[in-house]
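*Asks:* fold the following for me, if possible:
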Amino acid sequence: MALVFDNSPDSVVAIGICKLGGLKYEISSGSDLSLTLEAGDEIKGSAVINFLVKEVPSVLGSDEKEQEEAQAWMDKKTNIGELNKHLTLRVYIADGLEPTIADLRVFSQMRDQIIKQKAPQRNQFVNVTRWFNHLQSLFAPHLSAVAIKLAYTAPKKPEKKKQEKKPNSQNQRRAPAQKVTGFARLCLQVGKIVSIEVHPTVESLYVEKIDLGEDQPRTVVSKLAEKIPIGEMKDRLVVVASNLLPATLQGVESAGLVFCASIGDSVEVLSPPEGSKIGEQIQVQGLNIQPDKEPITRKVFSKALKGLKTNDDCVACYKDVPLSTSKGNVTVASLKGAEIK
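*Replies:* The predicted structure follows:
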């Protein structure tokens with residue numbers, strides 16, 4: 001059994017389906033797309049895709065919702081800007097845990113354009129760049145990899161206008177603005193877990209959809225599946241770090257972190273008080289919290305957590321001052337003097 005591919009978009013899709021489905025075809029390049037079956041029959045052109053989809057039906061989507069979304073993207077003509085916006089909080093086009101035929105088709109259509117891009121364009125459409133780079137390994141070694149390296153380019157600072165001195169001014173010196181550091185750089189928000197499931201391949205991980213009052217729920221991966229029953233996590237309010245740099249964990253991009261307190265093997269999720277508004281920012285009395293607008297790296301984030309722990313009343317505190325919402329203090333169920341992270 002052999003798959004021969006050419007330079008057509010259909011060939012890219014065919015290779016992707018074979019890899020996703022674990023099909024044992026010998027794959028090689030040639031002048032035309034064709035598939036030779038075990039009985040010796042040969043299939044050519046777009047009929048190859050139709051045959052492979054029947055072999056690997058999961059590539060259409062894992063459920064009805066994914067299938068409808070994948071088909072919609074198969075039917076439409078898209079552009080890189082629209083795709084970049086769509087992938088803002090998604091790993092794949094149909095928002096599942098595995099690529100679908102829509103990812104393969106759009107990948108095949110975008111590949112030449114992305115190959116020709118310079119670094120500024122890849123930075124401009126960073127969600128597409130991340131998605132494209134994530135899918136590239138699926139086609140190795142049959143398609144040459146595109147070297148992807150993102151670099152942050154700081155915006156130019158506007159030129160300062162010289163201010164004319166006002167007559168009769170008292171020349172009073174202004175105190176320098178205080179630099180925001182540490183915990184005050186973090187954005188902690190009230191979120192609600194609207195769906196949750198165990199990671200399909202790593203049983204210790206939960207994959208959660210968390211409503212933060214944004215256009216779409218965020219996908220967050222938490223290593224809590226062996227610590228807290230899934231029934232206790234469903235539909236509960238949580239405290240989420242929402243300006244943490246997204247990270248791919250076991251194939252799923254996590255766009256945040258659920259805060260927990262722990263002592264040894266005992267772990268409890270931080271709970272905002274009942275009635276707290278979804279998306280509300282967590283406050284600490286006396287602390288001028290000004291979250292970074294750019295996502296914070298894991299290294300900076302870890303340092304900023306120093307001083308977070310629960311007190312003897314099971315209230316979450318930063319340097320002994322309670323974390324709170326407009327409805328009261330953030331708490332845990334029973335852990336006292338526990339580290340929070």
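
*Asks:* wait, what's in contact with the residue nearest to residue 81 when sequence neighbours are not counted?
*Replies:* Excluding the flanking residues, the one nearest residue 81 by C-beta to C-beta, 6 or more residues apart in numbering is residue 125, at 7.1 Å. Placement of C-beta: from N, CA and C, glycine included. Remark: with contacts taken as C-beta atoms under 8 Å, 6 or more residues apart in numbering, residue 125 is in contact with 80-81, 83-84.

*Asks:* what about the residue lying closest to residue 273 once chain neighbours are set aside, neighbour count?
*Replies:* Nearest non-adjacent residue to residue 273, counting by C-beta to C-beta, 6+ apart: residue 328, 3.8 Å away. By the criterion of other C-beta atoms under 10 Å, residue 328 has 14 neighbours.

*Asks:* which of the contacts of residue 125 fall within helices?
*Replies:* Secondary structure from DSSP state H places 80-81, 83-84 of the contacts of residue 125 in helices.

*Asks:* buried ones in the longest strand along the chain, by neighbour count?
*Replies:* Longest among the strand segments of the chain by residue count, using DSSP state E, is strand 188-198. Judged by neighbour count using 16 or more other C-beta atoms under 10 Å, the buried positions of strand 188-198 are 188-193, 196.

*Asks:* and stretch 77-87, by the same measure?
*Replies:* Those would be 80, 83-84, 86-87, for stretch 77-87 by 16+ other C-beta under 10 Å.

*Asks:* follow-up on the earlier one: which members of the contacts of residue 125 are the farthest-apart pair?
*Replies:* Across the contacts of residue 125, the two members that end up farthest from each other (C-beta to C-beta) are 81 and 83, 7.3 Å apart.

*Asks:* quick one: contacts for residue 241?
*Replies:* Contacts were defined as C-beta under 8 Å, 6+ apart; by that measure residue 241 touches 186-188, 256-257, 259, 301.

*Asks:* ok, 7 Å please
*Replies:* Taking C-beta atoms under 7 Å, 6 or more residues apart in numbering as the contact definition, residue 241 lies against 186, 188, 256-257, 259, 301.

*Asks:* pick the one among those closest to residue 321.
*Replies:* In terms of C-beta to C-beta, no member of the contacts of residue 241 lies closer to residue 321 than residue 188, at 13.7 Å.

*Asks:* how about the closest one: what's its closest non-neighbour residue?
*Replies:* The shortest distance from residue 188 to any residue that is not its chain neighbour, by C-beta to C-beta, 6+ apart, is 3.8 Å, and that residue is residue 282.

*Asks:* show me which of the buried residues of stretch 77-87 is closest to residue 111.
*Replies:* Comparing the buried residues of stretch 77-87 against residue 111 with C-beta to C-beta picks out residue 80 as the nearest, at 11.7 Å.

*Asks:* just checking, that closest one touches residue 127?
*Replies:* No: counting by C-beta atoms under 7 Å, residue 80 does not reach residue 127; the two are 9.9 Å apart.

*Asks:* in this protein, what secondary structure element scores lowest on mean pLDDT?
*Replies:* Across the helices and strands of the chain, the lowest-confidence element by mean pLDDT, DSSP states H and E is helix 119-124, at a mean of 82.
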